[in-house]
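Colleague: Model the following, please.
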Amino acid sequence: MDLKSKEFIPDTIEQLCLMVEGYQNKPDTAWLKTVFEFSKKAHEGQFRRSGQAYISHPLGVAGLLAHLKLDLETVATGLLHDTVEDTPVTLEDVRTHFGLPVAQMVDGVTKISKMKFRHTHEKQGENIRKMILAMGKDIRVVLVKLADRLHNMRTLGHMPFEKQSRIAQETLDIYAPLASRLGINWLKVELEDLSFRFSNPEAYYDLVQKIQKKKKERESFIDDTVSVIGKIFKSQMKNQPEVYGRPKHLFSIYKKMENSGIEYEQVYDVLAFRIIVGTVSECYEALGHIHSLWKPIPGRFKDYIAMPKANNYQSLHTTVIGPGGQRIEIQIRNNEMHLVAEQGIAAHWTYKEGGRKGSITAKAIEQFNWVREIVSTHQDSESADAFLEDFKSDLFDSEIYVFTPKGEVKEFPEGATPIDFAYSIHTEVGQRCTGAKVNGKGVPLKYQLKNGDFVEILTSKTQVPSKDWLKNCVTSRARTKIRSFVKEEERKKALTLGHSLVEKAFRKYGRSYNKAQKTEGLLAFMKERGCNSFEDLQAQVGYGKIVAPSLVEAAYPDAVAETPGAESGDNIITKVFKSLSKSTASKNSMVVVDGIDDIWVHFAKCCSPIPGDSINGYVTRGRGIVIHTAHCQKALLMDSARQVDVDWHSKASVTSSRVVKLKIITTDNQGMLVRLSEVLHSRGINILNVQIRATKDRKAICHFDLSIKNTSELSRVMQDIQSLPDVIGVNRVHQS
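Modeller: Numbering: from 1, shown residues only. As a prediction, this is how the structure comes out:
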């Protein structure tokens, strides 16, 4: 079943029809020829960089889809997949001539060309996102795209070098893992090797040379090993299995070399042997004979029959010390498993009477559910970049198998934590997760799960997710759900703040916000700012992207002029804040912003204010209110119209600490660091980081990051340090 590089690529429509007739019952080849003629005419006058007529590419893609034994509509989509993107043909033309399903698949594989993107990475993300969303509606879309990518990779040598490298890396990052996730092994292997060849040609050809040198020796070893295995099976098993060996593909050998930091000559298990039997029980019988023949290597046995991979892959894997003490990997599976291992999701395709319509079998539902999960998880990603990174993380094979309290098996990527486990059960369980019991013992949320762990999630009704959780989870489902929750909480806070600011602004001018919502001016302002509702508009005010007085001026342009002593534009925001009551100050907040509870507050890194410093607040776009020290040089350059009055909460210096950077200059004497540490320890100051360098004039410059509660504590610490012998100077460091 392994695919040779140039097979299954028809040169004519007649050859393609013969391929389809080989697996479908009386297919409508006349209709397929009509599709071909339509595509040929659309691409007339177009040529590939190789000099071939462009129609050779759609014909090649259709041939690969026919090799996957897909239905006629999918093969037709292969012939048409570039017509809308590269010719005057429209989707409506495709729908009119060949039906809605074909048009939808063509749309799914057509790149987004009319949108403007900031950079290539964003464009790549949006195109992949479009394909994945289309894949959720019709799995055949991604099969067409994979066939398209493989045919393009086979002819990549005709492209400019810089494009070769970029396309090869994209294939390695996205398309090869996607083929693997869908279980189409031969396609994954060829995509990886082709990507390796064009992304790292020096390493590729060096490895090819080394492998060629040992070709005869390797072939002889394979023949001898197959013969030994065959003899034991002949004497011990009733039904004779099929046995054959092969070298592992180039990219997998290269990865082993890179990961282990070894040369090719040190890679011992470069050969893999496959044993194909008739039944599941014969798989285990064959495994027993192999282990009785050669000693298995501990920790290298995997039972993917009892616990299939997420893509439905099933097989027994074992590595043994074979003839001559050489390590060899052996895979054992039955015929059905082998078909699924090579063809993946396409192996489950069946056809209704007439061969025109295709449907996925019940056995592939698990795989198809994985596709739907991918779509559901990623369709609401905020940006193309975030989508692309999360999607990539979803494509790599999972390695960890853990158990629920009921004994159900769950599969996760390496590094998964109880947070990932909790979200895999249910979103609500994830949101309320406080920790877990693993094998009966309590573990924190950051604990990394291991193979065979029994996991029980602990929850609390008062628990909610935080941004910090994102550091301790690896699955895109958990990450997306956490981001979604945090985003929603941020929106609620922004709505509360925004509504207060807007109401205050309208009252300032003696106007009604409710009545203003019916004015043409405010409706036009809302539309101009891209808001679909007044809630959205209020949220934008809360986020600091719009100032509240702007809404007043939009609804009642003459309102400012009519109000004695009123200020226009952004200057109003200061007055609005000043007028708010301080009665609802948050007990947990370090800063009070004129009484608004739980406001979006960030501390500027440039000046790192601490309780006791004179501070100012500035309304920013997207980050809420940022707190600077009053003397911060960076803050002095900001728009004064966005400044708001802020104060430290009365309990700020008691309940919290902040990071302060100190620069201490001393003479370069032995034991100086110890004396500095003793001073800080005597004051109960936590040292977060220390960096020291000596100068040519025998001085030592020490940079300390300290956890300080307030300016009074800082002053005492600095005085204590300054009083030490050999201390030349001590200063608080600001980045501005």
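Colleague: State the helix or strand in which residue 693 lies.
Modeller: Using DSSP states H and E, residue 693 sits within strand 686-694.
Colleague: ok, now residue 162?
Modeller: Short version, using DSSP H and E: residue 162 is in helix 161-170.
Colleague: pLDDT on that helix, on average?
Modeller: The pLDDT scores in helix 161-170 average 86.
Colleague: ok, now stretch 16-34?
Modeller: On average, the pLDDT along stretch 16-34 is 91.
Colleague: repeat for stretch 88-104
Modeller: Looking at stretch 88-104 alone, the average pLDDT works out to 93.
Colleague: Poorly predicted segments of the stretch 301-450 of the chain, please.
Modeller: Within the stretch 301-450 of the chain, the stretches with pLDDT under 70 are 347-399.
Colleague: can you rerun that using 80?
Modeller: 309-312, 344-400, 409, 411 (pLDDT under 80).
Colleague: Over to the stretch 1-150 of the chain?
Modeller: 1-8, 111-139.
Colleague: So which residues of it form helices?
Modeller: Along the stretch 1-150 of the chain, the stretches classed as helices by DSSP state H, counting those that start in this stretch are 13-21, 29-42, 56-67, 72-80, 83-86, 91-98, 100-109, 120-137, 140-154.
Colleague: can I get those in CSV with mean neighbour count?
Modeller: From N, CA and C alone the C-beta is placed, and that goes for glycine too. Shown next, in CSV, are the helices of the stretch 1-150 of the chain (neighbours: other Cβ atoms under 10 Å):
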stretch, mean neighbour count
helix 13-21, 18
helix 29-42, 17
helix 56-67, 25
helix 72-80, 27
helix 83-86, 18
helix 91-98, 16
helix 100-109, 21
helix 120-137, 18
helix 140-154, 24
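Colleague: Quick check: buried residues in the lengthiest helix in the chain?
Modeller: In the chain, with assignment by DSSP state H, the single longest helix is helix 476-508. Across helix 476-508, burial judged by 16 or more other Cβ atoms under 10 Å covers 476-483, 485-486, 490-491, 493-506, 508.
Colleague: Show the secondary-structure elements that that helix is packed against.
Modeller: Helix 476-508 sits against helix 365-378, helix 384-395, helix 418-425, helix 427-431, helix 513-516, helix 534-543, helix 548-555, helix 572-578, with contacts defined as 3 or more Cβ pairs under 8 Å, 6 or more residues apart in numbering; DSSP states H and E.
Colleague: The shortest one packs against which elements?
Modeller: Using 3+ Cβ pairs under 8 Å, 6+ apart as the contact criterion, the neighbours of helix 513-516 among helices and strands are helix 476-508, helix 548-555.
Colleague: With mean pLDDT as extra columns, can I get these in TSV?
Modeller: Converted to TSV, these look like this (pLDDT from 0 to 100):
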stretch	mean pLDDT
helix 476-508	85
helix 548-555	86
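Colleague: Not counting residues beside it along the chain, what's closest to residue 539?
Modeller: Once flanking residues are discounted, residue 539 sits nearest to residue 494: 4.6 Å by Cβ to Cβ, 6 or more residues apart in numbering.
Colleague: For the one you found, give its distance to residue 302.
Modeller: 49 Å (Cβ to Cβ, to the nearest Å).
Colleague: Equivalent analysis for residue 100, please.
Modeller: 44 Å.
Colleague: and the following helix or strand past the helix holding residue 162, what does it pack onto?
Modeller: The helix or strand immediately downstream of helix 161-170 is helix 176-181, counting by DSSP H and E. Judged by 3+ Cβ pairs under 8 Å, 6+ apart, helix 176-181 is in contact with helix 140-154, helix 185-199, helix 384-395.
Colleague: next one: the helix holding residue 162 to chain centre, how far?
Modeller: Here helix 161-170 shows a centroid-to-chain-centroid distance of 21 Å under the convention Cα atoms, centre = their mean, to the nearest Å.
Colleague: quick one: low-confidence ranges for the stretch 601-736 of the chain?
Modeller: For the stretch 601-736 of the chain, the ranges with pLDDT under 80 are 601, 619-624, 631, 633, 635-645, 649-656, 734-736.
Colleague: In terms of helices and strands, where is residue 343?
Modeller: Going by DSSP H and E, residue 343 is part of helix 335-343.
Colleague: For that helix, name the packing helices and strands.
Modeller: helix 185-199, strand 271-277.
Colleague: Need the winner for burial among these.
Modeller: Of all these, helix 185-199 carries the top mean neighbour count, a mean of 23, counting by mean count of other Cβ atoms under 10 Å.
Colleague: what's the angle between that helix and helix 335-343?
Modeller: 30 degrees (axes from the mean of the first three to the mean of the last three Cα atoms, to 10 degrees).
Colleague: and helix 185-199 with helix 161-170, angle?
Modeller: 140 degrees.
Colleague: Could you look up the next helix or strand downstream of helix 185-199?
Modeller: Assigned by DSSP H and E, the successor of helix 185-199 is helix 201-213.
Colleague: Pull out the buried residues from that next one.
Modeller: When burial is assessed from 16+ other Cβ under 10 Å, helix 201-213 yields the following buried residues: 204, 207.
Colleague: Repeat that for stretch 508-523.
Modeller: Buried residues in stretch 508-523, counted by 16+ other Cβ under 10 Å: 508-509, 511, 513, 516, 522.
Colleague: export these to JSON lines and tack on distance to residue 21?
Modeller: JSON lines is the format used below for the buried residues of stretch 508-523 (distance: Cβ to Cβ, whole Å):
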{"residue": "508", "distance to residue 21": "79"}
{"residue": "509", "distance to residue 21": "79"}
{"residue": "511", "distance to residue 21": "77"}
{"residue": "513", "distance to residue 21": "71"}
{"residue": "516", "distance to residue 21": "71"}
{"residue": "522", "distance to residue 21": "66"}
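Colleague: out of the residues you listed, which one sits closest to residue 710?
Modeller: The closest of the buried residues of stretch 508-523 to residue 710 turns out to be residue 508 (Cβ to Cβ; 35.4 Å).
Colleague: Against residue 35, how distant is residue 441?
Modeller: 62 Å.
Colleague: before we move on, what about residue 266?
Modeller: Separation of residue 266 from residue 35 (Cβ to Cβ): 52 Å.
Colleague: likewise residue 238?
Modeller: In terms of Cβ to Cβ, residue 238 sits 50 Å off from residue 35.
Colleague: try residue 45
Modeller: 19 Å.
Colleague: Same question for residue 694.
Modeller: Look at residue 694 and residue 35: by Cβ to Cβ, they are 77 Å apart.
Colleague: can you check residue 525 too?
Modeller: To residue 35, residue 525 is 51 Å away according to Cβ to Cβ.
Colleague: quick one: buried residues of stretch 710-728?
Modeller: 710-711, 713-714, 717-718, 720-721, 727.
Colleague: ditto for stretch 649-664
Modeller: 649, 652-653, 656-658, 660-662, 664.
Colleague: and what of stretch 332-349?
Modeller: Buried residues in stretch 332-349, defined by neighbour count with 16+ other Cβ under 10 Å: 332-334, 337-338, 340-349.
Colleague: coming back round to it: out of the helices and strands packed on helix 335-343, which is closest to residue 233?
Modeller: Of all the helices and strands packed on helix 335-343, strand 271-277 comes closest under Cβ to Cβ, at 8.2 Å.
Colleague: okay, the closest one in PDB with CA atoms only?
Modeller: Extracted in PDB, the C-alpha atoms of strand 271-277 (Å, rounded to 0.1, in the frame of the first residue of the first chain):
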ATOM      1  CA  LEU A 271      14.900  -0.500  10.400                       C
ATOM      2  CA  ALA A 272      11.200  -1.300  11.000                       C
ATOM      3  CA  PHE A 273       9.500  -4.600  10.300                       C
ATOM      4  CA  ARG A 274       5.800  -5.000   9.800                       C
ATOM      5  CA  ILE A 275       3.800  -8.200  10.500                       C
ATOM      6  CA  ILE A 276       0.300  -8.400   9.000                       C
ATOM      7  CA  VAL A 277      -2.000 -11.100  10.500                       C
END
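Colleague: for that strand, packing partners?
Modeller: Contacts defined by 3+ Cβ pairs under 8 Å, 6+ apart place strand 271-277 against helix 215-236, strand 242-247, helix 280-293, strand 327-334, helix 335-343.
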